[in-house]
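*Asks:* I would like the atomic coordinates for the input below:
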Amino acid sequence: MPSFSTKQVILTVDTNLTADGVQLKAYTISPIVLEGDGVGNVLKEHKVTTVMSPQERICVDHMISGGVLPAVKTGGAISAELPVDGSLSRLEDVLEKLLEMLNTVSNYVDEVVEGTREPDYELGALIASAMAKVPRLRPELFQRSFSDTVQDLLMVDHLATLTKTQLEIAERLNASL
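*Replies:* Next up is the predicted model:
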């Protein structure tokens, strides 16, 4: 049976998100004893290491950047940053950006195959790795999956609008009472 420490841990989190990261500090409490009597406590600071999945890292970076996705490097240039506001109006922008990136990669591969551009083996390995992660779907399965995802997105957008409206009505009722 595993044993657990009974020491209390105090974790402080800077929720201002003004720095380039989330500031975390951890402390443990140790009693100060003089002549057998407890006279107080001392806080001992400990090193904190954060471990995040890639999905969590994207969310934290999104919160720190104030709702702006990090810039993406394409073709030696840094792309414009796309604000993320959770609405469907951004779906078309994101798909256009994805198409632009795919065209950039496709043009690079075509130039290397034609011999007009010197191959970069590291970049080729990254492209191969990215392509290996793309699931192979028949067009009709992709269309159905994409339609289902869009329907889910529409439902979430509708529910968010409905919730916002309900909150506004509740606030107005509370203000009038």
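*Asks:* okay, the spatially most central residue of the chain: pLDDT?
*Replies:* For the chain, the residue nearest the mean C-alpha position is I58 (1.8 Å; Cα atoms, centre = their mean). Note for I58: predicted pLDDT of 74.
*Asks:* and if you look at the one 5 residues further on?
*Replies:* For M63, the pLDDT comes out at 71.
*Asks:* now it: how far from T49?
*Replies:* Going from M63 to T49 by Cβ to Cβ, to the nearest Å gives 19 Å. (Each C-beta comes from the backbone N, C-alpha and C, glycine too.)
*Asks:* neighbour-wise, which of these two wins?
*Replies:* The neighbour count for M63 versus T49, taken as other Cβ atoms under 10 Å, is higher for M63 (12 against 6).
*Asks:* residue contacts, the most far-flung residue of the chain relative to its centre?
*Replies:* Going by Cα atoms, centre = their mean, the residue of the chain most distant from its centre is E35, 52.9 Å out. Not one residue lies near E35 by Cβ atoms under 8 Å, 6 or more residues apart in numbering.
*Asks:* where does it fall, phi/psi-wise?
*Replies:* phi 50, psi 40 (degrees, to the nearest 10).
*Asks:* Also Q23?
*Replies:* phi -90, psi 120.
*Asks:* what's the neighbour count on it?
*Replies:* Q23 is flanked by 14 other residues according to other Cβ under 10 Å.
*Asks:* quick one: pLDDT of the closest residue to it other than its chain neighbours?
*Replies:* Leaving out its chain neighbours, the residue that sits closest to Q23 by Cβ to Cβ, 6 or more residues apart in numbering is D14, at 3.7 Å. Per-residue confidence (pLDDT) for D14: 79.
*Asks:* In contact with D14, which residues are there?
*Replies:* Neighbour list for D14: 22-24 [criterion: Cβ under 8 Å, 6+ apart].
*Asks:* average pLDDT across stretch 142-153?
*Replies:* Averaged across stretch 142-153, pLDDT comes to 83.
*Asks:* now it, how far from the chain's geometric center?
*Replies:* 22 Å (Cα atoms, centre = their mean, to the nearest Å).
*Asks:* Extract the C-alpha trace of that stretch and format it as PDB.
*Replies:* Output in PDB follows, covering the C-alpha atoms of stretch 142-153 (Å, rounded to 0.1, in the frame of the first residue of the first chain):
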ATOM      1  CA  PHE A 142     -14.300  12.500 -44.800                       C
ATOM      2  CA  GLN A 143     -17.300  14.500 -46.000                       C
ATOM      3  CA  ARG A 144     -19.600  12.800 -43.500                       C
ATOM      4  CA  SER A 145     -17.100  13.300 -40.700                       C
ATOM      5  CA  PHE A 146     -16.600  17.000 -41.600                       C
ATOM      6  CA  SER A 147     -20.300  17.600 -41.800                       C
ATOM      7  CA  ASP A 148     -20.800  16.000 -38.400                       C
ATOM      8  CA  THR A 149     -18.100  18.200 -37.000                       C
ATOM      9  CA  VAL A 150     -19.600  21.400 -38.500                       C
ATOM     10  CA  GLN A 151     -23.000  20.400 -37.100                       C
ATOM     11  CA  ASP A 152     -21.400  19.900 -33.700                       C
ATOM     12  CA  LEU A 153     -19.700  23.300 -34.000                       C
END
